[in-house]
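**Student:** mind folding the following:
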Amino acid sequence: MVIAASSLGTVFEWYDFYLYGLLATTISAQFFAGVNDTTAFIFALAAFAAGFAVRPFGALVFGRIGDLVGRKNTFLVTMGIMGGSTFAVGLLPNFATAGVVAPILLVTLRVLQGLALGGQYGGAATYVAEHAPNHKRGLYTSWIQTTATLGLFVSLLVVIGTRSWLGEAAFANWGWRVPFLASILLLGVSLWVRLQLNESPVYARMKASGNTSKAPLTEAFLRWGNLRIVLVALFGAVVGQAVVWYTGQFYALFFLEKTLKVDGMTANVLIAIALALGTPFFVFFGWLSDRIGRKPIILAGCLLASISYFPLFHALTQAANPALAEAQARMPVSVLLVDSSMPCSFQFDPVGKNKFDSVSCDVAKSYLAKAGIPYVEKSVGDPVHTNEVAIQIGDRLVGAPSTMDLADTGRRKGLIAAFQKDLQAELAAAGYPAKAEDARINKPLVVAILFALVLLVTMVYGPIAGMLVELFPSRIRYTSMSLPYHLGNGWFGGFLPATAFAMVAATGDIYYGLWYPVVAAAATLVIGLLLLPETFRRKIEE
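**Tutor:** Numbers count the residues shown, from 1 in each chain. Next comes the predicted model:
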């Protein structure tokens with residue numbers, strides 16, 4: 001009952017949180033329509049990440065409350081905040097209706113969700129662990145680890161069902177609201193189930209004996225002995241776990257849909273299948289960690305991720321959009337710049353004012369970034385195609401409008417439209433597809449690759465709750481374990497999609513964003529090997 005009730009409530013909270021991530025492309029069109037498409041999508045991912053940014057603060061606030069007044073009531077409050085915020089997203093006006101107020105309201109609700117989630121996970125994991133036998137703690141807490149994936153899986157099913165029921169046009173227009181509004185039903189069920197629970201036995205005994213902490217924040221973070229463990233847990237375990245998790249479950253989905261141009265419905269279905277196949281392995285690796293330890297499994301997952309991501313994502317391109325892979329190999333695209341030409345802008349404008357339409361190089365690169373076309377940038381000594389900038393596709397050149405001509409605002413729109421039309425025609429002639437052809441997608445292979453990514457997620461994530469619970473004493477456990485978990489997953493993991501896609505947009509290399517998780521996972525491997533203790537035989541009653 002403890003495991004089922006804790007897991008059900010956590011599944012619901014992750015469902016709420018991940019709806020936004022699944023609908024990032026739709027939300028970018030609804031709430032960030034006032035900027036160029038590339039910036040709008042990165043803004044949408046950044047708003048997604050805003051919920052993660054505040055999770056450590058939620059961990060501090062609700063972790064302290066959980067150590068002061070108890071586990072059960074604290075995560076009832078966090079669930080109510082999460083559910084109410086998700087329901088409200090379905091009622092928000094879009095940019096066309098409310099202008100800049102719309103994204104401000106959206107980010108505000110994302111912040112509330114993040115604060116609530118920051119207090120939720122530590123409570124659920126601690127609550128289950130404090131009920132579990134010492135020799136089965138990894139197994140029992142691994143069910144909590146399945147909830148993030150199950151929440152994503154449920155949200156995928158709801159999104160797929162709504163899209164099928166309403167059709168893509170209606171879904172893009174207003175149907176995207178339905179999954180958010182439906183969450184109010186799940187909130188009612190989850191609250192009722194959790195109300196049936198009692199306080200954890202470890203906390204109840206601690207409270208009865210008067211041993212609860214009076215100042216959990218001070219004990220957890222202002223005393224070097226505990227703060228050192230917090231830092232080791234963060235950099236020696238959680239950072240790697242976080243980047244592997246978000247790469248395998250979110251970045252892979254965005255890569256399929258945004259970069260490889262796979263239809264949104266198809267991408268969702270393929271991810272859902274991979275998740276269904278992979279989810280039991282959370283429990284398997286939790287069980288295994290009770291026998292061989294938490295540390296070797298988590299660090300092995302980081303090692304495998306750091307050496308396999310580049311080949312796996314290259315294979316994903318071959319399987320999901322073979323036409324793109326073939327065109328890239330046969331007719332590579334280059335942006336040719338005259339040495340004296342004006343330098344290109346970074347293809348992301350954080351204030352949303354740069355339309356990338358006034359400089360020749362920006363016009364060329366922004367179109368390629370929007371179209372998901374991989375390219376390299378080259379400097380040449382002499383003008384090419386009588387233009388300061390040109391796109392080279394194989395041995396063909398398409399000249400971009402000059403910066404001087406673009407200065408004429410009356411002609412600018414027409415010049416850009418003509419350039420884009422010519423470039424689109426040349427790209428099509430070279431075999432670059434506007435979208436992935438469904439008939440050519442090797443769906444079994446795509447699912448196999450996605451399953452491999454999810455399997456790495458289960459390795460790093462299945463044992464992590466048991467390890468974090470075992471690292472810290474009972475009196476400050478909720479506070480101490482929540483902060484490193486949410487710093488790692490909120491900041492290092494939550495910002496991964498937006499950061500990685502900004503890296504791709506800036507370089508033109510569709511795989512460049514993978515350096516983010518590869519470096520982070522490798523760093524965690526080294527730090528974990530040197531500093532992270534093994535915990536699986538510890539008792540947690542102290």
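
**Student:** list the contacts of residue 22.
**Tutor:** Contacts for residue 22 (C-beta atoms under 8 Å, 6 or more residues apart in numbering) come out as 152, 155, 156, 159, 253, 268. Yep, even glycine has a C-beta here, placed from its N, CA and C like the rest.

**Student:** buried stuff in stretch 420-436?
**Tutor:** For stretch 420-436, a neighbour-count test (16 or more other C-beta atoms under 10 Å) marks 420, 423, 426, 427, 430, 431, 432, 433, 436 as buried.

**Student:** partners of residue 337 in the sheet?
**Tutor:** Taking DSSP bridges, one finds residue 379, residue 389 as the beta-bridge partners of residue 337.

**Student:** out of the contacts of residue 22, who's nearest residue 412?
**Tutor:** residue 253 (35.7 Å; C-beta to C-beta).

**Student:** relative to residue 199, how far out is that closest one?
**Tutor:** 38 Å (C-beta to C-beta, to the nearest Å).

**Student:** what about these two, which has more around it?
**Tutor:** Applying other C-beta atoms under 10 Å to residue 253 and residue 199 shows that residue 253 carries more neighbours, namely 25 against 16.

**Student:** I figured the more buried one hits residue 269, correct?
**Tutor:** No. Counting by C-beta atoms under 8 Å, residue 253 stays clear of residue 269, with 11.1 Å between them.

**Student:** give me the distance between residue 20 and residue 483.
**Tutor:** Note on residue 20: its distance to residue 483, by C-beta to C-beta, is 23 Å.

**Student:** typo on my end, residue 370
**Tutor:** 39 Å.

**Student:** neighbour count: these two, which is higher?
**Tutor:** More crowded of residue 370 and residue 483, by other C-beta under 10 Å: residue 483, with 26 against 18.

**Student:** residues making contact with stretch 365-382?
**Tutor:** So stretch 365-382 is contacted by 36-38, 258-261, 328, 332-339, 344, 347, 356-357, 391-392, 419-420, 423-424, 427, 432, 434, 504-505, 508-510 (C-beta under 8 Å, 6+ apart).

**Student:** quick revisit: export the contacts of residue 22 to TSV and tack on distance to residue 128, secondary structure and pLDDT?
**Tutor:** What follows is the contacts of residue 22, written out as TSV (distance: C-beta to C-beta, whole Å; DSSP: H, G, I helix; E, B strand; the rest coil; pLDDT from 0 to 100):
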residue	distance to residue 128	secondary structure	pLDDT
152	20	helix	77
155	23	helix	86
156	25	helix	81
159	29	helix	88
253	28	helix	87
268	30	helix	83
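
**Student:** and of the residues you listed, the nearest to residue 85?
**Tutor:** residue 155 (15.0 Å).

**Student:** was I right about the closest one contacting residue 15?
**Tutor:** Yes. With contact defined as C-beta under 8 Å, residue 155 counts as touching residue 15 (4.8 Å).

**Student:** neighbour count winner among these two?
**Tutor:** residue 15 (28 against 25).

**Student:** list the buried residues in the helix or strand harbouring that one.
**Tutor:** Element membership for residue 15, per DSSP states H and E: helix 2-22. Within helix 2-22, the residues scored as buried using 16+ other C-beta under 10 Å are 2-3, 5-22.

**Student:** cool, and stretch 95-110?
**Tutor:** Buried residues in stretch 95-110, counted by 16+ other C-beta under 10 Å: 95, 102, 103, 105, 106, 107, 109, 110.

**Student:** chain center to stretch 293-311: distance?
**Tutor:** Here stretch 293-311 shows a centroid-to-chain-centroid distance of 19 Å under the convention C-alpha atoms, centre = their mean, to the nearest Å.

**Student:** how about stretch 499-516?
**Tutor:** 15 Å.

**Student:** again with stretch 393-408
**Tutor:** So, by C-alpha atoms, centre = their mean, the centroid of stretch 393-408 is 36 Å from its chain's centroid.

**Student:** could you do stretch 144-159 as well?
**Tutor:** Distance of stretch 144-159 from the chain centroid (C-alpha atoms, centre = their mean) equals 14 Å.

**Student:** check which residues of it are buried.
**Tutor:** Buried residues in stretch 144-159 (16+ other C-beta under 10 Å): 144-159.

**Student:** nearest residue to residue 524 other than its sequence neighbours?
**Tutor:** Excluding the flanking residues, the one nearest residue 524 by C-beta to C-beta, 6 or more residues apart in numbering is residue 240, at 2.8 Å.

**Student:** for the chain, what spans make up the strands?
**Tutor:** For the chain, the strands defined by DSSP state E cover 333-338, 376-380, 389-393, 396-399.

**Student:** rounded mean pLDDT for the second one, please.
**Tutor:** Mean pLDDT, strand 376-380: 83.

**Student:** what angle separates it from strand 333-338?
**Tutor:** 30 degrees (axes from the mean of the first three to the mean of the last three C-alpha atoms, to 10 degrees).

**Student:** tell me how far residue 532 lies from residue 254.
**Tutor:** Relative to residue 254, residue 532 is positioned 30 Å away (C-beta to C-beta).

**Student:** residue 2 too?
**Tutor:** 35 Å.

**Student:** could you do residue 298 as well?
**Tutor:** On the measure of C-beta to C-beta, residue 298 and residue 254 end up 25 Å apart.

**Student:** again with residue 535
**Tutor:** For residue 535, the distance to residue 254 - C-beta to C-beta - is 34 Å.

**Student:** likewise for residue 366?
**Tutor:** From residue 366 to residue 254 the distance is 19 Å (C-beta to C-beta).

**Student:** likewise for residue 219?
**Tutor:** Residue 219 is 40 Å from residue 254, by C-beta to C-beta.

**Student:** how about residue 210?
**Tutor:** 50 Å.

**Student:** which of those two has more neighbours?
**Tutor:** residue 254 (24 against 6).

**Student:** just give the nearest non-adjacent residue to that one, would you?
**Tutor:** Using C-beta to C-beta, 6+ apart, the closest residue to residue 254 is residue 497 (5.6 Å).
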